[in-house]
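J.: dropping a prediction and its sequence here:
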Amino acid sequence: MPKTTRTAGAVTRRSGGRADLLLTAALRLGFLALLLAVWTIAARMAPPGLFASPLAVAKAGWAMMAEGRLLPAIAASLTVYVTGFLLAVGFGSLLGIAMGTFRLLGRTLDIYVMALAATPRVAFIPLIIVALGLGLQAKVLIVFLGAVMPVILNAYAGVRAADPELVEMAQATGASRSRILAHVILPGAVPYLVTGARIGATIALINTIVAELYTAISGLGGLLAIYGSRFRMAEYLAVVVVLALIGAIVTEALRLMEKRLLRWRDA
Amino acid sequence: MIAGGSKLAATGLAHRFGPMAVLEDIDLTVNKGEVLAVLGPSGCGKSTLLRLLAGLIRPAEGKVTLNDAPPSPGKGSSIVFQNYRLLPWKNLRDNLAFALPDWPEPQRRERVDQVLRLVGLTRFAETWPAKLSGGMKQRAALARALAPRPDFLLMDEPFAALDAQARELMQQELRQLVSGPDGPGVVFVTHSVDEALVLGHRIILLSPRPGRIVARLSTPDWGGDPRDHPDWPELRRRMWQQLRESVLNDPNSDFHHFDGRP
């Protein structure tokens, strides 16, 4: 009998969720319309040449696409962004987990990681250029250095936040250390790992543009530099819109992944 | 030792955390198929006693033996915790399978199905723990403890978090589960006099910290409902009195200035 009530409750909640989703979508679209309206009015009021209306930006974006300027730039930026970000997630998670698992390693390193995380990584760009030049490697390293810190720190915190009662339960079943790590500590650290990846993804996108501005000009950051210095505001803003879209898509993808990984939580 | 009968024993057991003594001079024996209830006020070291018996911690003095060897976690004994401690990211089947790390897959699956049936949770095999009620979670935790066929179940106030009805049902269920010919021995830690009397074949009463055994008692064969048995009121009264005295005699107790009369 308790089962029926529980199932019924779950069904109601699920359909309520669908209505919620529709409402959210409608409100978001409404807000987008509002933004576009404000943008249009602001463009009318600004002196000519300093700003561009949404329509002008759309036209400019379309033209850049047709002339084959936009897609190669997106591809170049995504290569830097995705490579640097994935390296940061892979290396950062491993290091953070190792620091949390081997307490001595963690205690030795954590103060340095935190110091490095607090240092503006832009300060290293001249050094990186001296060491690696102006090419892809230098750009990827700049992205990596920005994204890796929150990944390390969150993975470290996630392992240390492991539930001691679940660990004791596992010990009582005779589980080995590696079994406890795989079945108890790492699954419990997933929310932290996802948070680290999400913060890292945002910093990685920022650092992609910084890298493209400070090393050999290329990609979307390169387009920003070119159009910005020539006051081609329509094209400039088209690039900004593309960057916002990339950011939104990546964040949303990570959110969906988090939901999937943590589906045991929504009960 | 009797052939075929497993035995869990503690002799001269004492333990302390830093300068604080938590257990002193504990001698006890539990045989397979027998329920020993450990009754005592909060903070008398009951949980520490279970961890010592399980081999999770080493005693400061004295020794624990399971079938004449020092205990090792997961070998011959299982713990049932008060707060279930199911892994929230595993469904029930995988939670139970977690207690059987070295079993080959077909046997493991079969054994998990078997214990799920035993506690009536077959329909919920694929369910996340977060979707279950407290009673169901505790039955799952009990099934997980029974899965490796331990000789001894070490239960740490397992039903204290349940409502009165669920607790009553779980007590009955536990009595049936362990009364079989192949039933495990049970050390059942509780702070409830009634629960100790209902479940325990024998009861030991611990004093407040440091926990020492201040009374030992055997319960009669209750037959049906223990509360209908003629000895019930008298035994219950005596246990309460001893519990009250041990708390009142404790100089550290908040209650020692009372005269102990209700």
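T.: Yep, it's here.
J.: identify the residues contacting the closest residue to chain A within the stretch 151-262 of chain B.
T.: Residue of the stretch 151-262 of chain B nearest chain A, by CB to the nearest CB: B:L154 (8.3 Å). Bear in mind the C-beta positions are built from the backbone N, C-alpha and C, glycine included. Contact partners of B:L154, counting by CB atoms under 8 Å, 6 or more residues apart in numbering or on different chains, are B:50, B:53-54, B:77-80, B:186-187, B:189.
J.: list buried residues within those.
T.: The neighbour count (16 or more other CB atoms under 10 Å in any protein chain shown) marks B:50, B:53-54, B:77-80, B:186-187, B:189 as buried among the contacts of B:L154.
J.: now, among those residues, which is nearest to chain A?
T.: Of the buried ones among the contacts of B:L154, the one sitting nearest to chain A (CB to the nearest CB) turns out to be B:I79, at 4.4 Å.
J.: how much space between that closest one and B:A196?
T.: The gap separating B:I79 from B:A196 is 19 Å, by CB to CB, to the nearest Å.
J.: got it, and A:H183?
T.: For A:H183 relative to B:A196 (CB to CB), the value is 35 Å.
J.: so those two - more neighbours on which side?
T.: B:A196 (27 against 20; other CB atoms under 10 Å in any protein chain shown).
J.: quick check on the closest residue to the more buried one other than its chain neighbours: phi, psi?
T.: Excluding its sequence neighbours, the residue lying closest to B:A196 (CB to CB, 6 or more residues apart in numbering or on different chains) is B:A37, at 3.8 Å. Main-chain torsions, B:A37, degrees, to the nearest 10: phi -90, psi 130.
J.: how about B:A37: which residues does it bridge to?
T.: Counting by DSSP bridges, B:A37 is bridged to B:F188, B:I203.
J.: show the pLDDT at the closest residue to chain A within chain B.
T.: Proximity of chain B to chain A (CB to the nearest CB) peaks at B:G74, 2.1 Å away. pLDDT for B:G74: 88.
J.: got the residues of the stretch 51-200 of chain B near chain A?
T.: Contacts of the stretch 51-200 of chain B with chain A, taken as CB under 8 Å from any CB of the partner chain, map to B:54, B:56, B:72-75, B:78-79, B:81, B:83, B:85, B:87-90, B:98-99, B:101, B:123, B:128-131, B:133, B:148.
J.: mind running it again at 7 Å?
T.: B:54, B:56, B:73-75, B:79, B:81, B:83, B:85, B:87-89, B:98-99, B:101, B:128, B:130-131, B:133 (CB under 7 Å from any CB of the partner chain).
J.: mind listing which of those residues are in helices?
T.: B:A54 (DSSP state H).
J.: residue contacts, the closest residue to A:A56 other than its chain neighbours?
T.: Closest residue to A:A56 apart from its sequence neighbours, by CB to CB, 6+ apart: A:A234 at 4.4 Å. Applying CB atoms under 7 Å, 6 or more residues apart in numbering or on different chains to A:A234 gives the contacts A:52, A:56-57, A:60.
J.: if any of those residues are buried, put those into a ChimeraX selection.
T.: Filtering these down to the buried ones (16+ other CB under 10 Å) takes a single ChimeraX command:
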select /A:52,56,57,60
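J.: ok, and the closest non-adjacent residue to A:L50?
T.: A:M233 (6.6 Å).
J.: run a quick neighbour tally on the one you found.
T.: Using other CB under 10 Å, A:M233 has 21 other residues around it.
J.: can you give me phi and psi for it?
T.: Torsion angles, degrees, to the nearest 10, at A:M233: phi -70, psi -40.
J.: how near is it to A:P120?
T.: On the measure of CB to CB, A:M233 and A:P120 end up 29 Å apart.
J.: give me the phi and psi for the residue of chain B closest to chain A.
T.: phi 80, psi -10.
J.: with the one 10 residues further on instead?
T.: For B:Y84, the backbone dihedrals (degrees, to the nearest 10) come out as phi 60, psi -60.
J.: I'd say it and B:A141 touch.
T.: Yes. The criterion here is CB atoms under 7 Å, and B:Y84 meets it with B:A141 at 4.5 Å.
J.: neighbour-wise, which of the two wins?
T.: More neighbours surround B:A141 than the other of B:Y84 and B:A141, with 27 against 22 (other CB under 10 Å).
J.: what about A:A131, how many neighbours?
T.: Applying other CB under 10 Å, we find 11 residues neighbouring A:A131.
J.: name the nearest residue to it, ignoring sequence neighbours.
T.: A:A138 (7.9 Å).
J.: surely the one you found is within a helix?
T.: Yes. Per DSSP: H, G, I helix; E, B strand; the rest coil, A:A138 lies within a helix segment.
J.: contact partners for it?
T.: So A:A138 contacts A:128-129, A:132, A:215 (CB under 7 Å, 6+ apart).
J.: cool, and B:A99?
T.: Taking CB under 7 Å, 6+ apart, we find B:A99 in contact with A:173, B:144, B:147-148.
J.: you'd agree B:R144 is up against B:L96?
T.: Yes. Between B:R144 and B:L96 there is a contact under CB under 7 Å: 4.9 Å.
J.: return the least confident helix or strand in chain B by mean pLDDT as PDB; C-alpha atoms alone will do.
T.: Taking mean pLDDT, DSSP states H and E as the measure, the helix or strand of chain B with the lowest value is helix B:164-179, at a mean of 83. What follows is helix B:164-179, C-alpha atoms only, in PDB (Å, rounded to 0.1, in the frame of the first residue of the first chain):
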ATOM      1  CA  ALA B 164       6.900   2.400  17.000                       C
ATOM      2  CA  GLN B 165       4.900   0.300  14.600                       C
ATOM      3  CA  ALA B 166       7.800  -0.400  12.200                       C
ATOM      4  CA  ARG B 167      10.000  -1.200  15.200                       C
ATOM      5  CA  GLU B 168       7.600  -3.800  16.500                       C
ATOM      6  CA  LEU B 169       7.300  -5.400  13.100                       C
ATOM      7  CA  MET B 170      11.100  -5.400  12.600                       C
ATOM      8  CA  GLN B 171      11.600  -7.000  16.100                       C
ATOM      9  CA  GLN B 172       9.200  -9.800  15.100                       C
ATOM     10  CA  GLU B 173      10.900 -10.200  11.700                       C
ATOM     11  CA  LEU B 174      14.400 -10.400  13.400                       C
ATOM     12  CA  ARG B 175      13.200 -13.000  15.800                       C
ATOM     13  CA  GLN B 176      12.100 -15.200  12.900                       C
ATOM     14  CA  LEU B 177      15.200 -14.600  10.900                       C
ATOM     15  CA  VAL B 178      17.600 -15.600  13.600                       C
ATOM     16  CA  SER B 179      15.500 -18.400  15.200                       C
END
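J.: by contact count, what packs against that helix?
T.: Applying 3 or more CB pairs under 7 Å, 6 or more residues apart in numbering or on different chains; DSSP states H and E, one finds that helix B:164-179 contacts helix B:134-146, helix B:193-199.
J.: residue in the stretch 151-267 of chain A nearest to chain B?
T.: Closest point on the stretch 151-267 of chain A to chain B, by CB to the nearest CB, is A:G174, at 2.1 Å.
J.: chain B contacts on chain A?
T.: With CB under 7 Å from any CB as the criterion, chain A meets chain B at residues A:2, A:6, A:165-166, A:168-169, A:171-175, A:179, A:183-184, A:187, A:264-265, A:267.
J.: let's see 10 Å
T.: Chain A comes close to chain B at residues A:2-3, A:6-7, A:10, A:163, A:165-176, A:179, A:183-184, A:186-188, A:190, A:261-267, as judged by CB under 10 Å from any CB of the partner chain.
J.: now which of these would you call buried?
T.: Among the residues of chain A next to chain B, those scoring as buried are A:166-175, A:183-184, A:186-188, A:264 (criterion: 16+ other CB under 10 Å).
J.: one step back: next, format the contacts of A:A234 as CSV and append distance to B:L174, secondary structure and pLDDT.
T.: Formatted as CSV, the contacts of A:A234 follow (distance: CB to CB, whole Å; DSSP: H, G, I helix; E, B strand; the rest coil; pLDDT from 0 to 100):
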residue, distance to B:L174, secondary structure, pLDDT
A:A52, 75, coil, 89
A:A56, 76, helix, 92
A:V57, 71, helix, 94
A:A60, 75, helix, 94
